[in-house]
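A.B. asks: Here is a sequence with its predicted model. Questions after.
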Amino acid sequence: MKDGVNGVALAVFIFFFVVVTVLGFLAARWRRAENALHLDEWGLGGRSFGGWITWFLLGGDLYTAYTFVAVPAAVYAAGASGFFAVPYTILVYPLVFIFLPRLWSVSHKHGYVTTSDFVRGRFGSKGLSLAVAVTGILATMPYIALQLVGIQAVLDVMGVGGGASSNWFVKDLPLLIAFGVLAAYTYSSGLRAPALIAFVKDTLIYIVIAVAIIYIPIKLGGFDDIFAKANEAYTQVSPATGKPRGSLAPGDTAQWAYGTLALGSALALFMYPHSVTAVLSSRSRDVIRRNTTVLPLYSLMLGLLAMLGFMALASGVGAGITGYNGQLAIPQLFENMFPSWFAGVAFAAIGIGALVPAAIMSIAAANLFTRNIYKDFIKPDATPAQETQVSKIVSLLVKVGALVFVLTMDKTVAINFQLLGGIWILQTFPALVGGLFTRWFHRWALLAGWAVGMVYGTWVAYGVASPAQKHFGGSSDTIPVIGQIGYIGLTAFVLNVVVTVVLTVVLRAVKAPEGVDETTQKDYTADAGEPGVQRDLPGDHPDLPVAAGH
C-alpha cells in the first residue's frame with residue numbers, strides 16, 4: 001500500500017459518508033406514520049414501498065460491500081471459480097418469482113413480520129418457529145461483520161487506521177465512528193434509512209463499475225494482456241499448498257463444486273432474514289413480481305465486477321497488499337489505477353455498500369428476536385410499542401456483536417463463518433418454501449430434518465482445513481455416495497429433505513398430532529387491495545403518501 005493518507009480520496013469519501021448520514025437521519029421523517037412505534041413501521045417501513053424503492057432496497061440488500069470486495073477477490077485468489085456468484089444470481093430470480101409473491105400475500109394478510117412468524121402460523125409450532133429464528137440470527141451475524149470488514153478494507157487502503165504498526169485507537173477509531181453513525185440512524189429511522197440511502201449506494205456502484213470496466217483495461221493494455229498476465233499469475237506455485245494458486249478456467253474436478261455451490265447459494269439467498277425483510281416492506285405482490293423479473297440486471301453488474309479480479313492480478317497489486325488479506329486487492333486496485341478523487345468515489349461506493357445491508361441485516365435479526373423469542377417465549381402480551389423498542393435495542397446489540405467479531409478475530413475467520421451461515425440458512429428452506437405450497441410436511445419432521453441438516457453441515461464444515469486454518473477452512477467437501485467434491489450446504493439440505501419426508505410418512509401413519517394452520521388457501525394469492533390484507537395499523541393515516549414508481 002501507499003504510505004500516508006490519501007487526502008483527496010479521504011475527503012471525497014467523507015463527503016459521501018456525511019451525505020448518507022444526513023439522509024439516514026432525515027429518513028425518520030420520510031413517509032412517517034402518526035404512530036411510528038409499531039414494528040410494521042420501524043422494521044418494515046410501513047409495508048408501503050413501491051416499485052423503485054423496492055428495486056433499490058433489494059439491490060442494496062443483496063449486493064453488499066462484501067460482494068463488491070469478495071467476489072473479485074475470489075477471482076483474484078483462485079481464478080474463474082470465483083464467478084460462481086454470477087450463475088447463482090441468475091438461477092435465484094426465476095426461483096423466487098414462484099414463491100415470494102405467495103409469502104408477501106400471506107404475510108400481509110396475517111401481519112407476519114418474519115419468516116418465523118409464517119412458519120409458526122402455518123404449522124402451529126413455536127419450536128419450529130424458534131429453530132428458524134435462531135438460524136436466521138446466527139447466519140446474519142457474520143454477514144454483518146463482513147460489511148464492517150469491507151469498510152475497514154477501504155479505510156486501510158486510504159491510509160486511515162489499519163496496519164500492524166498502528167496503535168489500537170488509531171487503527172479502530174474510523175471504523176468505530178462509522179459503526180456509531182450506522183447504529184444511530186438505524187435506531188432512529190428503522191428500515192426507511194437504508195431504503196433512502198440505497199439510491200445513493202446503487203448509483204455510485206453502477207458509476208464506479210462502468211468507469212472501471214472501461215478505464216482500467218485501457219491503462220493495462222486491453223483485455224488480451226489482462227488475461228495473459230492473469231493466467232501467468234495463476235500458474236505460479238503457492239508456497240502454502242505446493243500447487244498452482246488457481247486457474248483461468250476451472251478444471252473437470254472443480255465442476256461439481258462450482259455447480260453445487262451456485263445451486264445451493266441460489267436456494268439460500270432469499271432464506272436470509274434481510275432478504276425477506278426487504279420483500280415484505282413492499283406494498284403489493286405485483287411490486288415483488290416485477291422486481292424479480294428485472295433484478296437479474298444486477299447479475300450483469302456482478303459479472304463485470306468479477307472481472308476486476310483479473311485486472312488486479314494484471315496490474316500487480318499483489319505487491320501492494322503483501323501481508324494483508326486478499327480482500328484488499330480491489331480497493332488497492334482502485335487506489336493504484338484511478339485519480340485520487342475518483343478513487344474516493346469508488347471507496348465511498350464500497351463504504352456505503354456496507355452501511356445499507358448492515359442496517360437491513362441488523363433490523364431483520366432484531367425483528368426475529370422480538371417476534372419469535374421475546375414475544376413468543378418471554379412476554380406474550382407485549383404491545384406494538386414494546387415490540388418496537390425491544391427491536392431497536394436488539395438491533396444495536398447485534399451490531400455491537402458484529403463489531404466485536406471484526407475487531408477481535410482474523411478476517412478469514414469472519415469469511416468462513418459467513419460461509420457456515422450459508423450452510424445453516426439453507427436448512428430453513430423446507431419449512432419456509434415447502435410451507436408456502438403444502439401443509440403435508442409434519443411439523444416434527446421438519447424440525448428433525450432441520451436439526452440433522454444443521455448438525456451434519458456444521459460437523460463436515462468443521463473438518464475442512466485450509467492453509468490458513470485447521471477448521472472451517474471452506475464450504476466444500478466430498479459428497480457421500482457420489483464421491484465428488486461439492487457444496488456442504490447442498491448435501492446437508494438433501495439429507496434434511498430426506499429425513500423430513502421419511503419422518504412425515506411415519507408420523508402421519510401413527511397419527512401424531514399436527515399443529516393448527518391459521519392460514520387458508522386464498523391467503524397465498526391475496527393482493528393489497530383485497531379485504532383484510534392491508535391492515536389499518538394503530539395511528540395510521542389514510543392519506544399517507546406512497547412511494548413513486550408503482
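C.D. replies: Arrived safely, thanks for sending. A quick note: this is a predicted structure, and the numbers were derived from the prediction, not measured. Residues are numbered from 1 along each chain as shown.

A.B. asks: alpha carbons only for contacts and neighbour counts from here, please
C.D. replies: Will do.

A.B. asks: following the longest helix along the chain, which helix or strand comes up?
C.D. replies: The longest helix of the chain (DSSP state H) is helix 126-158. Using DSSP states H and E, the next helix or strand after helix 126-158 towards the C-terminus is helix 168-189.

A.B. asks: and the next helix or strand after that following helix, which residues are buried?
C.D. replies: As assigned by DSSP H and E, the chain's next helix or strand after helix 168-189 is helix 192-220. Within helix 192-220, the residues scored as buried using 16 or more other Cα atoms under 10 Å are 192-202, 204-205, 208-209, 212, 216-217.

A.B. asks: what angle sits between helix 192-220 and helix 168-189?
C.D. replies: 130 degrees (axes from the mean of the first three to the mean of the last three Cα atoms, to 10 degrees).

A.B. asks: helices and strands around helix 192-220, which ones?
C.D. replies: helix 7-26, helix 51-62, helix 168-189, helix 223-235, helix 297-315, helix 340-369 (3 or more Cα pairs under 8 Å, 6 or more residues apart in numbering; DSSP states H and E).

A.B. asks: Ok, which of the ones you listed comes nearest residue 117?
C.D. replies: Evaluated over those, closeness to residue 117 peaks at helix 340-369, with 8.5 Å, by Cα to Cα.

A.B. asks: What helices and strands are in contact with the following helix or strand past that closest one?
C.D. replies: Counting by DSSP H and E, the element after helix 340-369 in chain order, helix or strand, is helix 384-408. Counting contacts by 3+ Cα pairs under 8 Å, 6+ apart, helix 384-408 packs against helix 39-44, helix 126-158, helix 168-189, helix 340-369.

A.B. asks: Go ahead and name everything in contact with the first one.
C.D. replies: Around helix 39-44, the neighbours that count as contacts under Cα atoms under 8 Å, 6 or more residues apart in numbering are 33, 36, 46-47, 113, 189-192, 277-278, 280-281, 363-364, 367, 384-385, 387-388, 391.

A.B. asks: which of those count as buried?
C.D. replies: Neighbour counting with 16+ other Cα under 10 Å marks 33, 36, 46-47, 113, 189-192, 277-278, 280-281, 363-364, 367, 384, 387-388, 391 as buried within those.

A.B. asks: I'd like the helices and strands packed on helix 192-220 as a markdown table, with distance to residue 130 and mean pLDDT appended.
C.D. replies: Listed next are these as a markdown table, based on distance: least, Cα to Cα, whole Å; pLDDT from 0 to 100:
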| stretch | distance to residue 130 | mean pLDDT |
| --- | --- | --- |
| helix 7-26 | 32 | 90 |
| helix 51-62 | 24 | 82 |
| helix 168-189 | 25 | 80 |
| helix 223-235 | 46 | 88 |
| helix 297-315 | 33 | 86 |
| helix 340-369 | 9 | 91 |
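
A.B. asks: Looking at the ones you listed, spot the one closest to residue 129.
C.D. replies: Closest to residue 129 of those is helix 340-369 (Cα to Cα; 9.7 Å).

A.B. asks: can you state the direction angle for the closest one and helix 192-220?
C.D. replies: For helix 340-369 against helix 192-220, the angle by the same axes, to 10 degrees is 140 degrees.

A.B. asks: could you give the angle of helix 340-369 to helix 126-158?
C.D. replies: Between helix 340-369 and helix 126-158, the angle comes out at 160 degrees (the same axes, to 10 degrees).

A.B. asks: What distance do you get for residue 146 to residue 460?
C.D. replies: Look at residue 146 and residue 460: by Cα to Cα, to the nearest Å, they are 23 Å apart.
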